[in-house]
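Engineer: coordinates only, sequence not included:
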């Protein structure tokens with residue numbers, strides 16, 4: 001008893017020494033796949049701008065033009081997305097989004113989908129923003145609904161659709177409804193069947209976004225540099241794949257599928273994935289495909305902003321390959337089904 005009393009007295013008289021909080025883990029460096037993408041992107045840039053004689057061949061010149069066009073078209077929006085992502089990561093309080101969105105995840109999904117209208121950019125901008133939202137504590141289902149809806153329902157895209165299809169408000173309404181419906185269904189599908197083990201480990205552990213020992217300006221610059229270099233390499237890889245398809249596949253193939261309704265829908269959905277046209281310009285491409293049905297052209301405009309080669313590469317680099325192939329496959333199926341249902345009713 002005497003020894004116990006001594007221990008109690010010692011505990012009561014002991015001074016409380018503050019323990020410094022453990023600094024949060026540093027932002028993960030790009031994985032080998034991201035580094036390889038950057039290496040390929042740099043080598044491609046040298047080839048595209050070089051003066052090698054074999055680059056003057058017509059097919060290579062066409063490939064180079066398409067690859068550069070896709071990259072240059074998407075790059076400003078990728079910069080916009082990474083700037084927004086870095087700003088959210090460094091300056092926005094961690095609990096803001098969880099306070100703004102409904103508490104129930106099932107309700108947060110459609111709200112996040114409608115909120116996609118505030119991002120005036122293409123699909124390249126939505127990927128880093130969705131990544132930042134997940135890091136800030138937003139449920140992945142809501143972030144993925146935002147990722148899918150933002151490129152398809154923002155005012156710039158809807159205005160471009162109205163210009164490409166003059167006097168056809170039904171096409172604008174069909175694109176809006178089919179895109180929002182696909183985004184909501186995919187968000188709910190993630191709640192039902194999604195598994196965070198498919199995401200990269202860095203996304204499974206939420207953080208405040210403010211690194212230990214860094215000012216907010218430094219954290220913003222670090223986040224921007226990481227996200228831009230990581231996503232930029234995958235963007236170029238996707239542009240290279242889309243350019244290869246554009247040059248290698250004869251135009252006569254387009255005409256072979258235009259006569260059959262179901263084949264035309266599936267073909268234009270696959271074409272949207274392979275061509276990787278920016279969402280601000282895809283309506284003009286769809287309008288030029290006059291041999292196809294309105295529903296098939298709607299599928300082209302709904303699938304393209306949600307799933308294409310550059311997006312698959314960006315999502316694989318940002319969220320992980322295990323996520324990308326599952327999510328992109330399911331999104332394609334849902335987007336085609338929504339296009340057929342909405343297109344059949346309105347067009």
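Structural biologist: The structure has been received and is ready for your questions. All values reported here derive from a predicted model rather than from experimental measurement.
Engineer: Show me the helices in the stretch 201-347 of the chain, by range?
Structural biologist: 201-204, 216-248, 252-257, 261-275, 282-288, 294-303, 309-319, 321-346 (DSSP state H, counting those that start in this stretch).
Engineer: most tightly surrounded among those?
Structural biologist: helix 294-303 (a mean of 28; mean count of other CB atoms under 10 Å). (Glycine included, C-beta is placed from N, CA and C.)
Engineer: Let me see the mean pLDDT of that one.
Structural biologist: Helix 294-303 comes out with an average pLDDT of 93.
Engineer: Report the inter-axis angle for that helix versus helix 321-346.
Structural biologist: 150 degrees (axes from the mean of the first three to the mean of the last three CA atoms, to 10 degrees).
Engineer: From the contact counts, what lies against helix 294-303?
Structural biologist: Counting contacts by 3 or more CB pairs under 8 Å, 6 or more residues apart in numbering; DSSP states H and E, helix 294-303 packs against helix 169-193, helix 261-275, helix 282-288, helix 321-346.
Engineer: report the angle between the axes of it and helix 169-193?
Structural biologist: Using the same axes, to 10 degrees: helix 294-303 against helix 169-193 is 50 degrees.
Engineer: Need the helices of the stretch 201-347 of the chain in TSV (columns: distance to residue 134).
Structural biologist: Putting the helices of the stretch 201-347 of the chain into TSV (distance: least, CB to CB, whole Å) gives the following:
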stretch	distance to residue 134
helix 201-204	5
helix 216-248	13
helix 252-257	38
helix 261-275	24
helix 282-288	27
helix 294-303	24
helix 309-319	8
helix 321-346	11
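Engineer: Please report phi then psi for residue 199.
Structural biologist: phi -80, psi 160 (degrees, to the nearest 10).
Engineer: Now tell me which helix or strand of this protein has the poorest mean pLDDT.
Structural biologist: helix 2-13 (a mean of 45; mean pLDDT, DSSP states H and E).
Engineer: Look up how far residue 289 lies from residue 175.
Structural biologist: 15 Å (CB to CB, to the nearest Å).
Engineer: and the two? which has more neighbours close in?
Structural biologist: residue 175 (28 against 16; other CB atoms under 10 Å).
Engineer: you'd agree that one is up against residue 297?
Structural biologist: No - the criterion here is CB atoms under 8 Å, and residue 175 misses it with residue 297 at 9.8 Å.
Engineer: ok, and for stretch 105-117, which residues are buried?
Structural biologist: 105, 108, 109, 110, 111, 112, 113, 115, 116, 117 (16 or more other CB atoms under 10 Å).
Engineer: which one among those gets closest to residue 155?
Structural biologist: residue 117 (6.8 Å; CB to CB).
Engineer: what residues are up against the closest one?
Structural biologist: Residue 117 is in contact with 149, 150, 153, 154, 155, counting by CB atoms under 8 Å, 6 or more residues apart in numbering.
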